[in-house]
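A.B. asks: dropping a prediction and its sequence here:
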Amino acid sequence: MRLTPWSSKGPVPSPPSRSRVGSALIGRPGTSSRAFRDVATRNGVHLVTVPTPSTRQPGPLALLRALTRLRGDFSAAAAAERIRLLRALERRQLRSASALAALHDELLFLSAFPCGRLLAAAAQRMLRSFAHRVGHLPARAARPLHASGIAGTLSTHTYMFGVARWLVRHGEVAVPHWQHDRDAERLEPLIRLSMLPAELDAFDDSGLSTRAWLELASARLPGGVLHWLVGPRAMGTDATWREWYDSADVPLSWSLGDSRWCTTRNVAPGPRRVSRGPFRRVPDDAVASISTPLATLRRLRAPEATAWVDASLAALTARCREVVPMAHANLDEVYVAELGEGVQLCVIGAGREDRLALEANYGYVMFSNRVPIGYGGVTPLGNQANTGVNIFESFRGSEASFVFAQTLRVFRALFGVDRFVVNPFQFGADNEEAIASGAYWFYDRLGFRPADVATRAIADRERRRLAARQGPHSTPTVLRALARSDVILELTPTSAVPLFRERWLADMGQLVAASLSGVPAAGRIGYVLDLARRQKLQLTGERAPLTAGERRGAVLLSPILQLLTTGIARWNPQERVDLWDLVRAKGALRERTFVRRARAHVRFWKALAQETGVSPQFQRGPTEA
């Protein structure tokens, strides 16, 4: 038995106890009481006995399991037990990737959902040293951690142009990860766009491979090949350059080291909390909650908008994920909503060059205590918003349902929509991860129901069975059957605007392509702008030239308005003026204006549905709560 001076910062062994906090045991049953003795005093220094080396200590995995079982318990006793477990883990050298990943998950969880100043400080202190922990693993043992975004690991992915440029702009260590020299040859069309005549012979006849030529051409740039391809002095603002880069599918390997953008360190700007209350549940009437007005939504301005976009983009990039509006963000459309208990939602609109024709395109990231905990996208269309959510693995078992319900509330406040649609991939179609997690029921509990009558009947039967506790959870077979249809949440009993299924956009695209079939490829933009001038005159009586915003909006909307030419003549003057206002709004600085004006133009959506063969509304069958 050894004696160790007591310290408020050092480990203090817990007395033996049979009590439990949540489901985590305090103390160690079966340990001899002789391993723990009362505090003694020697020369004025308090001493406490600690277990002898022969006393069996719980292993790291047992400590991690005990920590995981405390998730959601915000009592003082649970906080004390977490401190004890963290102190024990802080002294341990974890020798497997799985154990390190589990510890990282728990530390992120405690940072996002803190329950006391000491615990928050301990979690953040351990995160700061995580790159050092990963560095102690042999390279082969660390491989399973790659693509996790953890400090000290690699993230290898085919990132789109906007993400690659973001990495260069922030000075991150990212290089092309070509398996073979010939993989670089996909960049040859792009290289030739930038090549000077004096370089052509060297490129064509010197015997250098494309990869070797890129290394030669970029040798003096701080970011090497990637800097040459996407850096600020490259032709990156040219849409053609960007398209060639993205079509080349350049795999990048990002060495995160101890970067501020790794998942270990990445947080949104602003003060952080040290404590919060228990997890919140979705109210029984989810629809009423989602429909409640929201007063905490604000649009950010630079440089705050840039800081939130950076934190949002890093949360995805480090984990090898992408959402277009974050990679090509409109810094004039960055919104943050306060959702209580330190939870915030950041919604980011796509840049004007990346807008869709009829839908608007937004991405979002959920933050708790400034830590990213999940993400998704939302595309408003008429009176509906197509959406879905992905909670990062580290934060499963939190208040995800409540936060997603509040996310829908934010979308309602932003866009004014009354209907939310989730496509089947989000809960199981060609998505085995969603099948394994039973993701369908996540949406069902919020009131989403299948649009398809037959699938809705399957859901109703399965819901009754589960409510009666007749058998285990839904089988994969049942979950796959439920993933054959969109699920829909209606905030109002009826809507004058038709429901548009995802397939409808593709069908409408074919109609547009057929209407332009007599126009050569090189003349399409000119044709559309001429068409827009005639439409402006027809709808408003104005002969003035198109403004810059009108030209941008016309390229997106005028080919669609052409499908309605015969019917528009019967509209009243205000309806026609309002229709041209949609073109102006589509090309404006912020697309939210288009979303709200388009939703209000009921006649436009009804005419479009009629011309493209959409049924006026999906038919509701009997459903059960």
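C.D. replies: Ah, there it is.
A.B. asks: Y364 versus the residue with the shortest distance to the centre of the chain, what's the distance?
C.D. replies: The centroid of the chain falls nearest to Y375 when counting by CA atoms, centre = their mean (2.4 Å). According to CB to CB, to the nearest Å, Y375 and Y364 sit 7 Å apart. Heads up, the C-betas are built off the backbone N, CA and C, glycines and all.
A.B. asks: buried residues, the one helix or strand I560 maps to. List them.
C.D. replies: Assigned by DSSP states H and E, I560 belongs to helix 548-561. Neighbour counts over helix 548-561 (16 or more other CB atoms under 10 Å) mark 549-561 as buried.
A.B. asks: stretch 288-308 now?
C.D. replies: Of the residues in stretch 288-308, 289-290, 294, 297, 300, 304-305, 308 count as buried by neighbour count, 16+ other CB under 10 Å.
A.B. asks: so which of these belong to helices?
C.D. replies: Counting by DSSP state H, those place 289-290, 304-305, 308 in helices.
A.B. asks: what's the closest of those residues to T387?
C.D. replies: Within these, proximity to T387 (CB to CB) peaks at I290, which comes in at 12.0 Å.
A.B. asks: now do that closest one, the pLDDT please.
C.D. replies: Note on I290: pLDDT of 97.
A.B. asks: list the contacts of it.
C.D. replies: By CB atoms under 8 Å, 6 or more residues apart in numbering, the contact set of I290 is 405, 408-409, 412, 489, 491.
A.B. asks: any chance of the residues you listed in TSV, plus distance to T593 and secondary structure?
C.D. replies: Shown next, in TSV, are the contacts of I290 (distance: CB to CB, whole Å; DSSP: H, G, I helix; E, B strand; the rest coil):
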residue	distance to T593	secondary structure
A405	26	helix
L408	21	helix
R409	21	helix
R412	17	helix
L489	25	strand
L491	22	coil
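A.B. asks: just for this protein, where's the confidence low?
C.D. replies: 1-56, 233-237, 615-625 (pLDDT under 70).
A.B. asks: let's see that with 80 instead.
C.D. replies: Where the chain drops to pLDDT under 80, the residues are 1-57, 206, 232-238, 470-472, 493-495, 565-566, 613-625.
A.B. asks: picking that back up, name the helix or strand for the nearest residue to the residue nearest to the centre of the chain once chain neighbours are set aside, please.
C.D. replies: Closest residue to Y375 apart from its sequence neighbours, by CB to CB, 6 or more residues apart in numbering: V365 at 4.7 Å. Taking DSSP H and E as the definition, V365 sits inside strand 362-368.
A.B. asks: isn't E502 up against N423?
C.D. replies: Yes - contact criterion CB atoms under 8 Å: E502 and N423 qualify, at 5.7 Å.
A.B. asks: any residues in contact with both of these two?
C.D. replies: Listed contacts common to E502 and N423 are 386, 486; contacts here mean CB under 8 Å, 6+ apart.
A.B. asks: related to what we said a few turns ago, make TSV out of the buried residues of stretch 288-308 and add distance to R169.
C.D. replies: Converted to TSV, the buried residues of stretch 288-308 look like this (distance: CB to CB, whole Å):
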residue	distance to R169
S289	40
I290	37
L294	33
L297	29
L300	19
E304	18
A305	16
W308	16
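A.B. asks: the helices in the stretch 451-600 of the chain, which residues?
C.D. replies: For the stretch 451-600 of the chain, the helices defined by DSSP state H, counting those that start in this stretch cover 453-467, 476-482, 502-515, 524-540, 548-561, 565-568, 573-586, 592-600.
A.B. asks: those: which one's closest to L313?
C.D. replies: helix 592-600 (20.3 Å).
A.B. asks: what are the contacting residues of that closest one?
C.D. replies: 333, 349, 358, 360, 380, 382-383, 414-417, 497, 553, 578, 581-582, 585-586, 588, 604-605.
A.B. asks: ditto for stretch 272-286
C.D. replies: Stretch 272-286 has contacts (CB under 8 Å, 6+ apart) with 72, 74, 113-117, 120-121, 289, 340-342, 369-370, 398-399, 401-402, 405, 445-447.
A.B. asks: list buried residues within these.
C.D. replies: In the contacts of stretch 272-286, burial by neighbour count holds for 74, 113-116, 120, 289, 341-342, 369-370, 398-399, 401-402, 405, 446-447, counting by 16+ other CB under 10 Å.
A.B. asks: returning to that earlier point: so which of the contacts of I290 comes closest to G223?
C.D. replies: L408 (40.5 Å).
A.B. asks: so what's the residue count around R596?
C.D. replies: Here the number of neighbours of R596 (other CB atoms under 10 Å) works out to 16.
A.B. asks: before we move on, what about R280?
C.D. replies: Counted with other CB under 10 Å, residues neighbouring R280 total 16.
A.B. asks: mind checking how far it is from S558?
C.D. replies: Distance, R280 to S558, by CB to CB: 46 Å.
A.B. asks: same deal with C346?
C.D. replies: For C346 relative to S558 (CB to CB), the value is 33 Å.
A.B. asks: ok, F74 - contacts?
C.D. replies: By CB under 8 Å, 6+ apart, the residues touching F74 are 115, 276-278.
A.B. asks: out of those residues, which are buried?
C.D. replies: 115, 276.
A.B. asks: which one of the contacts of F74 sits closest to L537?
C.D. replies: Among the contacts of F74, and counting by CB to CB, the member closest to L537 is R276, at 58.6 Å.
A.B. asks: just to revisit the earlier point, was I right to think the residue nearest to the centre of the chain contacts A314?
C.D. replies: No - contact status for Y375 versus A314: not in contact, 11.4 Å apart, counting by CB under 8 Å.
A.B. asks: okay, and the common contacts of those two?
C.D. replies: Contact with both Y375 and A314 is made by no residue, according to CB under 8 Å, 6+ apart.
A.B. asks: got a markdown table for the helices of the stretch 451-600 of the chain, with distance to H157 too?
C.D. replies: Below are the helices of the stretch 451-600 of the chain laid out as a markdown table (distance: least, CB to CB, whole Å):
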| stretch | distance to H157 |
| --- | --- |
| helix 453-467 | 34 |
| helix 476-482 | 28 |
| helix 502-515 | 26 |
| helix 524-540 | 33 |
| helix 548-561 | 29 |
| helix 565-568 | 45 |
| helix 573-586 | 32 |
| helix 592-600 | 30 |
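A.B. asks: tell me where the stretch 101-250 of the chain has strands.
C.D. replies: Shown for the stretch 101-250 of the chain, the strands assigned by DSSP state E, counting those that start in this stretch span residues 154-157, 173-176.
A.B. asks: distance to G541 and mean neighbour count added to the ones you listed, as JSON lines?
C.D. replies: Formatted as JSON lines, those follow (distance: least, CB to CB, whole Å; neighbours: other CB atoms under 10 Å):
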{"stretch": "strand 154-157", "distance to G541": "52", "mean neighbour count": "19"}
{"stretch": "strand 173-176", "distance to G541": "54", "mean neighbour count": "19"}
